[in-house]
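just a sequence and a predicted model for now, questions to come.
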Amino acid sequence: MNTVPTPPAVQGSWFSRKTTWLSQGGWLLLVVTVVLPVLALAVELATGFCAELFFDPIPDIWHTLAVALVPAANLTAWLCARFTPPGGRWPAAFLTGLALGVSFYFSLLFLPIAVLGVIVFAISWWYFGFGAIGLLPLAPLFAFRGGLYLRRRLLQAYTGQPTGRLYGLRSGLCAGLLAVLALLSSSLITSAGLHLAASEDADRQAHGLRLLRSTGRRDLLLKACEPRNPVAGLHVLLLPGTKRLTTEEAMNLYYRVTGEDYREARAGMGSDWMPRRGRGEALEWDNDQGGTRIGGILKGLSLYGSRYEARADAAAGLAYAEWTLVFRNDHRSEREARARIALPPGGVVSRLTLWIDGEEREAAFGGRSQVRRAYEQVVRRRRDPVLVSTCGPDRIQVQCYPVPADGGEMKLRLGITAPLEVAEDGAAGTLPAPAIVERNFRIPRLQLDLPHPLTLPLSPRLAASCRAEDTRSRTPGAVVQTAERAPAWRPQRVAIVVDGSSAMKRDIREVAKAFNALPADLETQLWVVDDAAAVVRPVEAATGRGVAAQASAVLKPARCTGGRCNLRTLQAAWDALCRDAAPAALVWVHGPQPFPMMSADDLCRRLERAPAGKRFYAVQVVPGTCRITEALDGVRNLCTLPPADALADASQPLGRLFSEWSEGRTAWRIERRRAAAGAGGDSDVRAGDNLVRQWAAEEVGRLLVSGQPERREAARELALAWGLVTPVSSAVVLETRQQYQQAGLEPVKGASVPTVPEPSFWISLCVAAAVFAVWQTRQRRRRRAS
């Protein structure tokens, strides 16, 4: 009787035997269709590696479910092929087709990265003997190829033949393709929205913005803002005939859609549904080093120390404050610390020092371009400079480099001369606190003593007339100040422009609350900035009481959406106020404005040419970049409110301003003028040099209004003579004497700058006074005894 011989056992090496066992048992198929896709999904969810370096494959919950569906469907089909349960053929075939359709889409999506993955795998395997990370980009391709083998195993298990028709596979494949189209819809909608928002037609722009805000993908908008990124041209591929977006246009659209500055948001380029995935706390690289932009928060850079103290010049009602800042860098690379600081109203920087090798060095003052060139040159050489210049009304920009790596520190000191808010009796004054409105470093607020308003006693009280000698101008002279209580300035008409950007959501209710302080009979118009390219009409003009009621209904967080340019509304509101010569005020309450849709030159011209009695109040209640405010540097008719108060609680400074416009209110009227040397009465009280510095800062502003070159040069000479940071002068601290000589600068002498006495000085003075008193007492006793 003939018998079929038993096939011989598999021979060969251990590796070949294991490979045969894996392939025959389907275990290798399980690895490539289930284990590897699950591993790739878990790594991306945990680290956001692909989202940070290339693109986000799972930007929302639907993409994540689609990716997770592939290994789940493949596992079900693999189990059916292995155990062949009754009635499992059609469901297994349907799931296999569904996984094939989805994995095919992701295979095409990852094709460019898959090539890089092969290279990484080969190099890692060659050098380290392990290259699993290079297989992760290949997971979709392996899943698709494994799905084809899984189809053959299902046929073999249920029909006994590896070929033939598998019922349910086509239905699953169609369902997978429909799922892919659904996933692509967000990209298509984003592309269509970009196309519409970039249109020159106002209606199409508005429609595109609404589309992007409701269903657009934030990760695609972010990637479109990056140079040389193919996502910027996505809508060109999907919508032929349209032009490719430039980087600047993409940044502008990103701001208008989200209300965020791309440069500040790029550190968080992860998914919206999982905020922590693919989203670093700060930027690793600094592309704005040595420039004029602040940029985003840098990793490892922080404000490590802060000390703020002040003293008063009682006779003049002025204060001199010193703010000492210490920056710390825990990153492995050197960093540049940059910040924009809002000064107290009318304040001016009159001193700058930097600690180099433990020694405090004074700054040199020079023209803006001259000082900027000196700073940039030293930054390129990696030396120790610090630069301070103005960047708007009552605003300065501070930047210092390098903050040493690996825990290094950099320490600087700002000296600020500013008017006090003098009490009605003249016996005390409040110094508003400066505030950081933009920065590229972290602030551990619970550990730092940041500036806060200081109430300083004035002893003697504010003088009705005081004077100080001007010893640094070309011609000798004196500055005379007079102070008296007089009726407060009161406008007849007021226009209030409120920014409608999303950054205002947090503070919009506080702004509305401040309207209750408006005088009931004051003619007031409320303008709310919208998306419309045309000028927005104001809310119906009414008295203060009527506008307060309207504000509570109109100013709501739900109305604050995206990023809205305020320029057109500001111009329209200012034109409405300037139709007659009556006193009027425009109050602009706003957040960041990083990308205006037009130049601010027209607004500057309107402010310069406005008749007397018009005032423009700029009140920023949310920190961030404001290009409009920067453009108003040196423009007349512009006033500011205490910055720290406005950022902390918008209703407080606005409420105080509105209440000052009530009938019968009085205020201190202080005038400063220059007089000939020796002029003035014998009763004039002697004031300190800060009186001359304050007058010089105001005189520089008056000289710049005319725009004449000779007056601009005179303003520059005056600012440099008294060591002030103004629109025509800046301050810089360099490391060596040679660097100053190369830049044509001369540092100021320590004896010529204002100071705040250290606490140790006062302690020593008190001890000396006590010793002197004891000595005098003993001397008297000895005389009596003798």
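Received, thanks.

name the next helix or strand downstream of the strand or helix carrying G101, please.
Applying DSSP states H and E as the criterion places G101 in helix 89-109. Counting by DSSP H and E, the next helix or strand C-terminal to helix 89-109 is helix 111-128.

quick check: buried residues in that next one?
113-114, 117, 120-121, 124 (16 or more other CB atoms under 10 Å). To be clear about C-beta, it is placed using only N, CA and C from the backbone, and glycine gets the same treatment.

closest one to R335 out of those residues, please.
V120 (30.7 Å; CB to CB).

wait, the closest one touches L138, no?
No. Using CB atoms under 8 Å as the test, V120 is too far from L138 to be in contact (10.2 Å).

G97 reaches G172, doesn't it?
Yes. Between G97 and G172 a contact is recorded at 2.6 Å, counting by CB under 8 Å.

pick out the residue closest to the middle of the chain.
In the chain, the centroid-proximal residue (CA atoms, centre = their mean) is G624; its distance is 4.3 Å.

and that one, helix, strand or coil?
coil (DSSP: H, G, I helix; E, B strand; the rest coil).

which one is it nearest to, not counting chain neighbours?
P592 (2.8 Å; CB to CB, 6 or more residues apart in numbering).

you'd agree that neighbour is up against C626?
Yes. Shown here, P592 and C626 form a contact pair, counting by CB under 8 Å, at 5.7 Å.

shared neighbours, the two?
Q620 (CB atoms under 8 Å, 6 or more residues apart in numbering).

sorry, back to before: which elements pack onto the helix holding G101?
helix 61-83, helix 139-159, helix 169-197 (3 or more CB pairs under 8 Å, 6 or more residues apart in numbering; DSSP states H and E).

stretch 43-53 spans what distance, first to last residue?
14 Å (CA to CA, to the nearest Å).

mind listing what's buried along that stretch?
44-45, 48, 50-52.

mind putting the residues you listed in a markdown table, distance to G723, secondary structure and pLDDT included?
What follows is the buried residues of stretch 43-53, written out as a markdown table (distance: CB to CB, whole Å; DSSP: H, G, I helix; E, B strand; the rest coil; pLDDT from 0 to 100):
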| residue | distance to G723 | secondary structure | pLDDT |
| --- | --- | --- | --- |
| E44 | 56 | helix | 88 |
| L45 | 57 | helix | 88 |
| G48 | 50 | coil | 79 |
| C50 | 54 | helix | 83 |
| A51 | 50 | helix | 78 |
| E52 | 46 | helix | 73 |
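
which two among the residues you listed are spaced furthest apart?
L45 and E52 (13.2 Å).

identify the residue spatially nearest to W489, adjacent ones excluded.
Among residues not flanking W489 along the chain, P583 sits closest, at 7.1 Å (CB to CB, 6+ apart).

for the stretch 251-400 of the chain, which segments are assigned as helices?
With DSSP state H, counting those that start in this stretch as the criterion, the stretch 251-400 of the chain has helices at 262-265, 368-380.

out of those helices, which is the most enclosed?
helix 262-265 (a mean of 20; mean count of other CB atoms under 10 Å).

show me what it is packed up against.
Using 3+ CB pairs under 8 Å, 6+ apart: helix 262-265 touches helix 247-258.

now the helix it packs on: how far from the chain's centre is it?
15 Å (CA atoms, centre = their mean, to the nearest Å).

now swap in stretch 495-504 and tell me
18 Å.

also stretch 664-673?
Counting by CA atoms, centre = their mean, stretch 664-673 comes out at 37 Å from the chain centroid.

contacts only, for the closest residue to W355 other than its chain neighbours.
Once flanking residues are discounted, W355 sits nearest to K411: 4.2 Å by CB to CB, 6+ apart. K411 is in contact with 305, 324-327, 354-355, counting by CB under 8 Å, 6+ apart.

beta partners for K411?
Beta bridges link K411 to V326 when assigned by DSSP bridges.

what comes into contact with stretch 466-473?
315-316, 476-481, 674-675, 677, 680, 684-689, 691-692, 718, 721-722.

now, of those, which are buried?
315-316, 477-481, 674, 684-685, 687-689, 691-692, 718, 721-722.

which members of these are positioned in strands?
477-481, 674, 685 (DSSP state E).

torsion angles phi and psi at the spatially closest residue to G407 that is not a sequence neighbour?
In this structure, G407 finds its nearest non-sequential neighbour in D330, 5.8 Å apart by CB to CB, 6+ apart. Phi and psi for D330, reported as degrees, to the nearest 10, are phi -100, psi 10.

roughly how far does D330 sit from N287?
20 Å (CB to CB, to the nearest Å).

between these two, point out the one with more neighbours.
Neighbour tally, D330 and N287, criterion other CB atoms under 10 Å: the higher count belongs to D330, 15 against 12.

with distance to D499 as extra columns, can I get the buried residues of stretch 43-53 in TSV?
Shown next, in TSV, are those (distance: CB to CB, whole Å):
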residue	distance to D499
E44	38
L45	37
G48	33
C50	37
A51	32
E52	32
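
what sits against A650?
By CB under 8 Å, 6+ apart, the neighbours of A650 are 507, 510-511, 514, 589, 619, 621.

which residues touch the closest residue to it other than its chain neighbours?
Leaving out its chain neighbours, the residue that sits closest to A650 by CB to CB, 6+ apart is V621, at 4.1 Å. Taking CB under 8 Å, 6+ apart, we find V621 in contact with 504, 507, 510-511, 589-591, 646-647, 650.

stretch 436-445 spans what distance, first to last residue?
First-to-last residue span, stretch 436-445, CA to CA: 12 Å.

let me see the mean pLDDT of it.
What stretch 436-445 shows for mean pLDDT is 90.

name the residues that touch that stretch?
Contacts of stretch 436-445 (CB under 8 Å, 6+ apart): 282, 286, 288, 294-298, 301-303, 327, 336-342, 395, 450, 620, 623-626, 643, 647.
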